[in-house]
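Novice: Build me a model from this:
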Amino acid sequence: MKRVRTLAVISSIALIGAVLGTSAGAATVAAGVFTISLRNGQVVWPFTGFGSLFGGLIGGVLGFVLAAALPFTPWRYVPVGRLFAHLTIGTIIGGCASAMLVRDPTLAILGGIIGFVLAGSRLTQPSTASHTRTPQSGPRAPSG
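Specialist: Numbering: from 1, shown residues only. Model prediction:
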């Protein structure tokens, strides 16, 4: 029964990763193609739509694979909603930044993966804020 539960959890995390990867890939390609076409002085909408579909397909596959690996990383201790939000936003930022800087689409994919990893590693770093309480001086006064 334990293996069935583990398989169910990993497959559901992978499916969520595929959906979020699809949206991140489509958003990254749409932003990149739109910016490049604005730079050239013309916006070609069918190409932007096709590029977004292709980016969504690649992002979905990568999201499925990378999210399936999440339970085996130190990120498994981060709350799931926070983890997926940070990873998706990091992927979009990394992919858009690399798409704007270079024209090679494979580097945009690599930039998205780098954004994914950097966003995840940021979540596992300890906080710099101190949460310790200052010691009380003297005996505690009775409440009442």
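Novice: Could you use CA atoms for every contact and neighbour count after this?
Specialist: Noted.
Novice: residue closest to the middle of the protein?
Specialist: Centrality entry for the chain: nearest residue to the mean C-alpha point is residue 87, 1.9 Å, by CA atoms, centre = their mean.
Novice: Just the element for that residue, please.
Specialist: Assigned by DSSP states H and E, residue 87 belongs to helix 80-101.
Novice: returning to what we had before: what about the residue nearest to the centre of the chain, distance to residue 120?
Specialist: Using CA to CA, to the nearest Å, residue 87 is found at 6 Å from residue 120.
Novice: Equivalent analysis for residue 42, please.
Specialist: 37 Å.
Novice: Counting neighbours, go ahead and name the busier of the two.
Specialist: Set residue 42 next to residue 120 and count neighbours by other CA atoms under 10 Å: residue 120 wins out with 22 against 11.
Novice: Residue 86 is in contact with the more buried one, correct?
Specialist: Yes. Using CA atoms under 8 Å, residue 120 is in contact with residue 86, at 7.0 Å.
Novice: List the buried residues for stretch 78-89?
Specialist: 83-84, 86-89 (16 or more other CA atoms under 10 Å).
Novice: which ones are touching the residue nearest to the centre of the chain?
Specialist: 115-117, 119-120 (CA atoms under 8 Å, 6 or more residues apart in numbering).
Novice: Now a ChimeraX select for only the buried ones of these.
Specialist: Of the contacts of residue 87, the buried ones can be selected in ChimeraX as follows, counting by 16+ other CA under 10 Å:
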select :115,116,117,119,120
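Novice: taking the contacts of residue 87 one by one, which sit in helices?
Specialist: 115-117, 119-120 (DSSP state H).
Novice: Among the residues you listed, find me the one that's closest to residue 60.
Specialist: residue 116 (13.6 Å; CA to CA).
Novice: Kind regards, and thank you for your time.
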